[in-house]
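What follows is a predicted structure for the sequence shown.
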Amino acid sequence: MADFEWVSPSAWMLTKAFWRFEDANALWVLIGSVLLGMSASVVGSFAVLKRNALIGDALAHSALPGVMMAFILFETQSPLVVLFGAMSSSLLGLFLMDWLPKNTKIKPDAALAITLSFFFALGLMALSYIQGLNVEGKSGLDKILFGQAAAMLPEDLMVLSAVAMGVLLLITLLFQKWRLITFNRQYARSIGIWVKAYDVLLALLMVLVVVIGLQIVGVVLMAAVLLVPVSAARFWHPQLAVILWVAAIIGGLSGLISANISYIAPATPTGPWMVLVLAGFFIFSFIFAPYQGWLVRRIRQASQRSPLHE
Amino acid sequence: MNDIWILATASLVASSCALVGVLLVLRRLSLLGDAISHSVLLGIVLAYLVMGERSEMAMMVGAVLMGLLTAGLTQLLQKNPHIQSDVSIGVVFTSFFALGVVLIAIYAGQIDLDQECVLYGEIAFVPFDTVVWGEQSLGPRAFWLALAVFLINVVVIGVAFERFKLMAFHPLLALSLGLSVPFWHAMLMTLVSLTTVASFDAVGAILVVALLVIPASSAYLVATSLKAMMGWALVYAQLSVLLGYGLAVWLDSAIAASIGVMAGGLLLLTLAIQQLLKPKASQLNLS
Amino acid sequence: MSVSPLRVENLAMRYHTQPVLEGVSFDIPAGSSVAILGPNGAGKSTLLKGIMGLAPLMQGKVSVFGGALTDQRLKVAYVPQRDESDWDFPIQVMDVVLMGRHGHLKFWQRPSSVDRALAKQALQKLDMLPYQNRQISQLSGGQQQRVFLARALVQQADLYLMDEPFAGVDMMTEKAIVGLFEILKQQQKTIVCVHHDLNTVAEYFDWVILINHGLIASGPVETTLTPEIIAKTYGGRIPLGLKLGTQRKGNGRF
């Protein structure tokens, strides 16, 4: 990939081939990326509305040592082992982030940064240790840092798609309760909703999404897929239900576009591409979105000032 | 001899991070520090592309510009009522970092950077890239860069210590006393960016955060004044470097990552000791 | 009507390690409207949170209609302080009011058309029906308060606990709230409010509970709201905004 060209005829040919679905693996990558983008956007929305937007960043970084430990213990990269390892260490990270500010002087923002960087260092140390070992099947472990959708196996993608669909289904089912809790926690408790259980469930869904996202988006940039779609979607509409739909569409589209790019340039990491696509959506929404976009607000301001309306 | 150069470089880098980190943690800007340390990558990549070769000066200029741009852009975004501070940080740094990584992938042939060194740094190779003056080798390039940045940090923080103290304690009070809060904020961000670029070679873009936040937080647990906190942060930083290096030699693991792990380990140790002493302390208070 | 809607026995609470309330006991009659009074930081909101089980009790017992709150949550509606909420949250008035029905719904259920009709009625009673599709950030402070009251109303509870519903609202809203009190009292519901304005106590309420870290007094307004007890509650200082003239008017009426 030394000489990457934007308009090379081969890129165009590959895009056409991609959309004819001649390659079954590419089709799986496409489905997986879109589902991941959608589920991450929706789960991330609640974190952003709880004013805890960067929690996904810490959870993703925390997953890294778990994946490495699981490999050291079981010497395999089968998707369920990876899922198990990543989930256990993400949950540990979640616990640490929650425990530090409650029991020590350390403030929440520092707790997040500490958890993120400590677990990431642990993961990298374990990864470098594994690379010095003489074991089989260790290649590709480093792909979870920046994600490489093209290198994923249909088996991984099936697990990913199933989890993502489950997450989307559960959120659809319990949307109203989470909206209530996010808006007015004390009130939710006062009418007898078991707030703690919903909290834990949402955290679990978040960890699940982060973990299945590792191989496509990667540890380092997972945060963006969780927080950018909803932030962009808030410029489009005042109502949460619609915002979640817009966020899911943005997340899904960015998954789709980055799957396409990943097919054209299989050696480049997928995560950064997906984040750049998302950044594009964010900038577009920031300026042109019909509800709170910059342009609309300027027009509104101008019309308020004009004497016609007085 | 090589070990000494590696240790000296790591030690200087960790010291710079500790000093700046104390100010970040106190001003509750840990996450902005995280963001800047990521964005700096883009600055370095752009410096490479513009100069067409490795140039320390261009890298530092690029990094500082990118750091200030990150700080400025997040503040600008926060003016919109629909964007909270952590969202603005998250949007900006992930985009900049992603752009940096994509540029590295696209221009792989032209940039002497790869994803590996973005993550791990190249501290193990530090001794092989030396500054040569005439016939005489003056030691590794990274060491001199780290030393220069460390001295800048010491001088700036030393001269303006009282200003930084006031800002850290009570920005609104500082504002009411007529201090130029935006100027000192920008100054702090400049120091963070400079520190990051010096650390980048040694420990990689991401582990900088560990060195910025963790020793400073350990110090925050034990210190009772700003001066003492900086002192403790330096002690924690040096210990992390020494123990981390030992760990890396023992396990044959990446040096930078092992230093980060030891920094975290020392924090957990401090916490454990404090938690054990806690019940006793409250009993004393009661009696 | 023999069972007291709310009985508090020897309640003690603390905030972190700081004791906030100690030895608070009282009992209120059914169908009354009760004001909880006391200076800033006396523990009024904390008391309400303790009753609702939203903050831990160090000691003591709360009974609601003769039983534990957890067994009869549907009979109690809570109106939190307005400024404890995120008013930039992307949600419309109707959806906020419908939240009040969630206590009656199973976790997978959504509000039905019956629930919607109830919500509309509640909004109507507070003159907020025209605003049902407004984004909450576009409401005035008083209108936000009325939305919260409408939400409590659709809970169809028997006991209403409100944290400073009159704080920072306009005249229109104040009238609407008083009107709501009348409706609730006609239905034999009980209202307990944390209240700030001593001038309006006698007009809006018929029972008062005065606290300042402990219970000072609890009883009917006529006999309890005396200058001595007020002085004792507020530490001898006449609270800000209390006009002596109004107080005389209150005394004269009894």
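Okay, I see it.

Quick one: neighbours of residue 27, just the number.
No chain in the question, so chain A it is. A:L27 has 15 neighbours, counted by other C-beta atoms under 10 Å in any protein chain shown. For glycine as for every other residue, the C-beta is placed from the backbone atoms N, C-alpha and C.

actually chain B
Neighbourhood size, B:R27 [other C-beta under 10 Å]: 17.

wait, isn't it in contact with B:A174?
No - using C-beta atoms under 8 Å, B:R27 makes no contact with B:A174, being 10.9 Å away.

got the phi/psi numbers for C:A30?
Here is the backbone geometry of C:A30 (degrees, to the nearest 10): phi -70, psi 150.

Likewise for C:K61?
Main-chain torsions, C:K61, degrees, to the nearest 10: phi -140, psi 140.

Spell out which residues are contacts of both of B:R27 and B:A174.
Taking C-beta atoms under 8 Å, 6 or more residues apart in numbering or on different chains as the contact rule, B:R27 and B:A174 both touch B:M167.

start to end distance for stretch C:29-44?
With C-alpha to C-alpha, to the nearest Å as the measure, stretch C:29-44 spans 19 Å from end to end.

Please see if it touches chain A.
No - for a cut-off given as C-beta under 8 Å from any C-beta of the partner chain, stretch C:29-44 has no contacts with chain A; the smallest distance is 15.3 Å.

what residues does chain A put near chain C?
Applying C-beta under 8 Å from any C-beta, we find that chain A lies next to chain C at A:49, A:51, A:173-174, A:176-177, A:179-180, A:182-184, A:186-193, A:234, A:237-240, A:243.

SS state for the residue in chain B that chain A sits nearest to?
Taking C-beta to the nearest C-beta, chain A has its nearest neighbour within chain B at B:G260, 2.8 Å off. Three-state assignment for B:G260 (DSSP: H, G, I helix; E, B strand; the rest coil): helix.

OK, contacts around the nearest residue to it once chain neighbours are set aside?
Leaving aside its sequence neighbours, B:G260 sits nearest to A:A121 (C-beta to C-beta, 6 or more residues apart in numbering or on different chains; 2.8 Å). Counting by C-beta under 8 Å, 6+ apart, A:A121 touches B:L207, B:A210, B:A256, B:A257, B:S258, B:I259, B:G260, B:V261, B:A263, B:G264.

which residues in chain C form strands?
For chain C, applying DSSP state E gives strands covering C:6-15, C:18-28, C:33-37, C:59-64, C:76-79, C:159-163, C:190-194, C:207-212, C:214-220.

So which residues make contact with the first one?
Residues outside strand C:6-15 that contact it (C-beta under 8 Å, 6+ apart): C:19-28, C:43, C:46-47, C:50-51, C:55-64, C:66, C:159, C:190, C:192.

try 6 Å this time
Applying C-beta atoms under 6 Å, 6 or more residues apart in numbering or on different chains, the contact partners of strand C:6-15 are C:20-28, C:46, C:50, C:57-64.

Check the second one too.
When contacts are defined by C-beta under 6 Å, 6+ apart, strand C:18-28 is touched by residues C:4, C:6-14, C:34, C:43, C:46, C:207, C:209, C:214-215, C:218.

Any of those buried? List them.
Buried members of those, counted by 16 or more other C-beta atoms under 10 Å in any protein chain shown: C:4, C:6-8, C:11-14, C:34, C:43, C:46, C:207, C:209, C:215, C:218.

Quick check: the farthest pair among the residues you listed?
With distances taken as C-beta to C-beta, the most widely separated pair in those is C:R14 and C:W207, at 26.8 Å.

Nearest to chain A among the buried ones among the contacts of strand C:18-28?
Closest approach to chain A among the buried ones among the contacts of strand C:18-28 (C-beta to the nearest C-beta): C:T46, at 12.4 Å.

ok, now which ones touch the closest one?
Counting by C-beta under 6 Å, 6+ apart, C:T46 touches C:M13, C:V20.

Tell me the confidence at it?
We have a pLDDT of 91 for C:T46.

close to chain A, is stretch B:225-234?
No - legend: contact between stretch B:225-234 and chain A by C-beta under 6 Å from any C-beta of the partner chain is lacking; minimum distance shown is 11.5 Å.

For that stretch, the averaged confidence score.
Mean predicted confidence for stretch B:225-234 is 92.

May I see the buried residues of that stretch?
B:L226, B:M229, B:M230, B:W232, B:A233, B:L234.

out of these, who's nearest chain C?
Nearest to chain C among the buried residues of stretch B:225-234 is B:M229, at 24.3 Å by C-beta to the nearest C-beta.
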